[in-house]
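Trainee: Sequence isn't available, so here's the structure alone:
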């Protein structure tokens, strides 16, 4: 967690306490890995005043996970109807002692009641509170409002995303490793790109390299060719490569808690002139976008620079809804590089830049890199060439 940024934004937003709920936010603010299970939400209470203790509220089903976790937040309480009986038998292990301690905090009802008690104990019952509205159940929101009639509740999901936008050095290193694992999978897989190979074989090869490097493939690892290359979501695994084909890589993985997203394109010779032109335009766009990156630059300006360059370099009708996105605990985070974004780049922001192009009857092109905004520009996490590669 970027502690300085969290407290800076709480102060700037005049928020007395934040209630985080999504699994990603729970992990970010507490280090507790909360599984995605319907109605088994976990909540983290973060007061603005550093002297006031933070707290975790977890479903009783998670009692074992809580007891075995080395959490910096010590005030952990349970809620919900899930029972582990404790007849008072002597236990000799730290896990047993931790489990007994946390079980004694359990409350049968809604977590909103437990969260409200924590806020009242810290003198925050009548304060301005931001909640993670995109993940918090409506019932819990309602119970919080009933329990704290003097409090003012405001949406906090966008605030948490802004807090997570600037990465710590530890977060950036995990993201770099994820990007490099994807890159390595791409580079090694080029040896199996040949006429007669199937997209499924290439995809399986990529996934195997990712796993061997300690990460897990995520999504469908959008490797496309043939008709399946005309759109990023079409399945083309059965396609058998032929001369003149294009193989589009959009590789996803997760390394520890960091997502990786990497894109390149490989051509099976011969390469028609039209495809060379399209690829060249896409490359020109992302390179123009990357050249503009530095602290203080508006994200919308990155978008406009990339789109204009692609259009002037060979695809005059080029259209995109975005030319990049933040990445971290989730594959898509703030900022989204879009024309209406008001976000300004900050040092430490990690984002993916991309200028893909899809055309029915022609092909799909992907070039995508992960970068970190530095004091004077940016650091690219991968080093593979953007030159046109043909086999």
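Mentor: Structure's in. What do you need? All of these numbers come straight from a predicted model, not from anything done at the bench.

Trainee: per-residue confidence at residue 39?
Mentor: Here, the pLDDT recorded for residue 39 equals 68.

Trainee: didn't residue 354 look like it was pressed against residue 365?
Mentor: No. Residue 354 lies out of contact with residue 365 (Cβ atoms under 8 Å); the separation is 10.2 Å. (C-beta placed from N, C-alpha, C; glycine too.)

Trainee: Just give me the residue right at the centre of the chain.
Mentor: For the chain, the residue lying nearest the average C-alpha position, counting by Cα atoms, centre = their mean, turns out to be residue 330 (1.6 Å).

Trainee: Give me the phi and psi for it.
Mentor: Per-residue torsions, residue 330: phi -120, psi 150 (degrees, to the nearest 10).

Trainee: distance of the residue found closest to residue 320 once you drop the neighbours it is linked to in the chain from residue 252?
Mentor: Closest residue to residue 320 apart from its sequence neighbours, by Cβ to Cβ, 6 or more residues apart in numbering: residue 307 at 6.1 Å. Taking Cβ to Cβ, to the nearest Å as the criterion, residue 307 is separated from residue 252 by 24 Å.

Trainee: cool, residue 130 as well?
Mentor: Distance from residue 130 to residue 252, counting by Cβ to Cβ: 31 Å.

Trainee: More neighbours: those two, which one.
Mentor: Under the criterion of other Cβ atoms under 10 Å, the comparison of residue 130 against residue 252 puts residue 130 first, with 26 against 22.

Trainee: Wait, the more buried one touches residue 14, no?
Mentor: No. Under the criterion of Cβ under 8 Å, residue 130 is not in contact with residue 14, lying 9.8 Å apart.

Trainee: buried sites along the helix or strand where the residue nearest to residue 320 lies?
Mentor: If you go by DSSP states H and E, residue 307 is part of helix 299-312. By neighbour count with 16 or more other Cβ atoms under 10 Å, helix 299-312 contains the buried residues 299, 300, 301, 302, 303, 305, 306, 307, 309, 310, 311.

Trainee: what's the closest of those to residue 319?
Mentor: Comparing the buried residues of helix 299-312 against residue 319 with Cβ to Cβ picks out residue 307 as the nearest, at 7.8 Å.

Trainee: if I pick the closest one, what's in contact with it?
Mentor: The contact partners of residue 307, by Cβ atoms under 8 Å, 6 or more residues apart in numbering, come to 285, 318, 319, 320, 323.

Trainee: Show the buried residues in these.
Mentor: Of the members of the contacts of residue 307, the ones counted as buried by neighbours, 16+ other Cβ under 10 Å, are 285, 318, 320, 323.

Trainee: Please enumerate the helices of the stretch 201-350 of the chain.
Mentor: 273-292, 299-312 (DSSP state H, counting those that start in this stretch).

Trainee: Any idea which of these gets closest to residue 79?
Mentor: Put simply, out of those the one that sits nearest residue 79 is helix 299-312, at 39.5 Å, with distance taken as Cβ to Cβ.

Trainee: so how far is the closest one off the chain centroid?
Mentor: How far helix 299-312 lies from its chain's middle: 24 Å, per Cα atoms, centre = their mean, to the nearest Å.

Trainee: swap in stretch 295-304?
Mentor: From the chain centre to the centre of stretch 295-304 is a distance of 20 Å (Cα atoms, centre = their mean).

Trainee: contacts for it?
Mentor: Where contact means Cβ under 8 Å, 6+ apart, the residues beyond stretch 295-304 that reach it are 289, 292-293, 320, 322-324, 335-347, 353, 373, 375.

Trainee: Going through the residues you listed, which ones are buried?
Mentor: Looks like the contacts of stretch 295-304 have 289, 292-293, 320, 322-324, 335-338, 341, 343, 345, 353, 373 buried, using 16+ other Cβ under 10 Å.

Trainee: Select, from the residues you listed, the two members most distant in space.
Mentor: With Cβ to Cβ as the measure, no two of those lie farther apart than 320 and 373, at 20.9 Å.

Trainee: residues near the nearest residue to residue 137 once chain neighbours are set aside, how many?
Mentor: Using Cβ to Cβ, 6+ apart and skipping the chain neighbours, the partner closest in space to residue 137 is residue 41 (6.5 Å). The burial metric for residue 41, expressed as a neighbour count using other Cβ under 10 Å, is 23.

Trainee: Next up, phi/psi of residue 41, please.
Mentor: Note on residue 41: backbone dihedrals following degrees, to the nearest 10 are phi -60, psi 150.

Trainee: show me what contacts it?
Mentor: Taking Cβ under 8 Å, 6+ apart, we find residue 41 in contact with 21, 34, 59, 111, 135, 136, 137, 140.
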